[in-house]
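**Student:** how does the following fold in three dimensions:
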Amino acid sequence: MKKYFLLSFLSIFLTLLFLSSKTGWSDRFLVIPPHYSVSRYPCQSSPGQQNAQLEIAAAPSKSECFINHKAVGKTPLCLTNLAPGKYLIRINAGLKYLPYIKTITISRGETARIHAALEKKAEVWFHEGLKALKSSSTKKAIHDFTQAAAGKPMRVSNAYYWLGLLYKKENKLNSAVKALRQFIFYRGNKYPTAFYELGKIYKKQNKEAKALIAFQMAVTNLPEFKNVLKSTPKPTWNNISNLKQTTISDPDDLTNRVKLAFLYEEKGGFKKAIHQLETVLTRYKTALDAEKKELEKD
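**Tutor:** Now for the predicted structure:
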């Protein structure tokens, strides 16, 4: 049994070794060990130099640099007396930045140069955007949230929500719509407040049909009204009149307001339907504001 296990292990190992040699997977590991010295930055080339040199700078400066998994110092730096060959470069600048990783091949007598601009992590951009938002630095907040969304939109999708509100504030309504729709694409129906904000923008653009759909999505995704349409009466003027009297006599009867809105829609009264749904959503402003607090987390 032991012999069979050893043979199986050896077979798997040899298979992986063969595949790595064919795919280049081993290139990251089968690198030439560095034989170097650190000299003053920038590297000074000299005619007829026989060794190879590597000049490394990074933003931010004083980032930790590794050559073939060995720490060689902080940027900027110049490595001299390198044997020609392949080198794996890794530059780290702490938890806020993504590491820079690159494999290069240096020839004899060559001075290779790497000037790396390390990217902030998407989560860092997002939290910087929130700080700018709270300090009313609108332009910086838009910049930071845009950077966050460009980095990892699946993980920092909340950035799109705040971009939507900021663009609305700047009266860039088309950009606001695009950002909120992108947020809804990633987060689905979990946050009715996004539909509510989208509806308000469509209303401002005089796109009544789209505004109505957005408000309907906001309302029907509130837990209280998920099943309200199952008991909605037929869209007749008599039923509309009865529901209207009910809402007048009992302004807090929000369920019947939702039903009334859908009946108005069936009769083509989009503005009246929008008014009823907005009234309902305004009553739920506390709940929607709580969602905004939740959207500060990512």
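**Student:** next secondary structure after the helix or strand bottoming out on mean pLDDT in the chain?
**Tutor:** Counting by mean pLDDT, DSSP states H and E, the chain has its least confident helix or strand at helix 2-23, which shows a mean of 51. As assigned by DSSP states H and E, the chain's next helix or strand after helix 2-23 is strand 37-39.
**Student:** please point out which parts of the helix or strand following that next one sit buried.
**Tutor:** The helix or strand immediately downstream of strand 37-39 is strand 52-59, counting by DSSP H and E. By neighbour count on 16 or more other C-beta atoms under 10 Å, the buried set for strand 52-59 is 52-58. C-beta here means a position set from N, CA and C on the backbone, and glycine is covered the same way.
**Student:** tell me which of those is nearest to residue 177?
**Tutor:** Checking the buried residues of strand 52-59 against residue 177 by C-beta to C-beta gives residue 58 as the nearest, at 39.1 Å.
**Student:** so who does the closest one touch?
**Tutor:** By C-beta atoms under 8 Å, 6 or more residues apart in numbering, the residues touching residue 58 are 65, 75-76, 91, 93, 100, 115-118.
**Student:** one more time with 6 Å
**Tutor:** Residue 58 sits next to 75, 91, 116 when contact means C-beta atoms under 6 Å, 6 or more residues apart in numbering.
**Student:** the second one: which element?
**Tutor:** Spelled out, it's residue 91. For residue 91, the element it lies in under DSSP H and E is strand 85-92.
**Student:** now for the helix or strand following that strand, which elements pack on it?
**Tutor:** Sequence order places strand 100-106 as the next helix or strand after strand 85-92, per DSSP H and E. Strand 100-106 sits against strand 85-92, strand 111-117, with contacts defined as 3 or more C-beta pairs under 6 Å, 6 or more residues apart in numbering; DSSP states H and E.
**Student:** try 7 Å this time
**Tutor:** strand 52-59, strand 85-92, strand 111-117 (3 or more C-beta pairs under 7 Å, 6 or more residues apart in numbering; DSSP states H and E).
**Student:** what sits up against whatever helix or strand comes next after the shortest one?
**Tutor:** To tie it back to what came earlier, the one meant is strand 111-117. Going down the chain from strand 111-117, the next helix or strand is helix 122-134, by DSSP H and E. By C-beta atoms under 7 Å, 6 or more residues apart in numbering, the residues outside helix 122-134 that reach it are 96, 140-141, 144-145, 147-148, 151-152, 155-156, 159, 162, 296, 298.
**Student:** what of stretch 220-229?
**Tutor:** Outside stretch 220-229, the residues within contact range by C-beta under 7 Å, 6+ apart are 189, 192, 195, 219, 255, 258-259, 262, 284.
**Student:** need the residues you listed in CSV with neighbour count, can you?
**Tutor:** Formatted as CSV, the contacts of stretch 220-229 follow (neighbours: other C-beta atoms under 10 Å):
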residue, neighbour count
189, 12
192, 22
195, 23
219, 27
255, 16
258, 24
259, 23
262, 21
284, 20
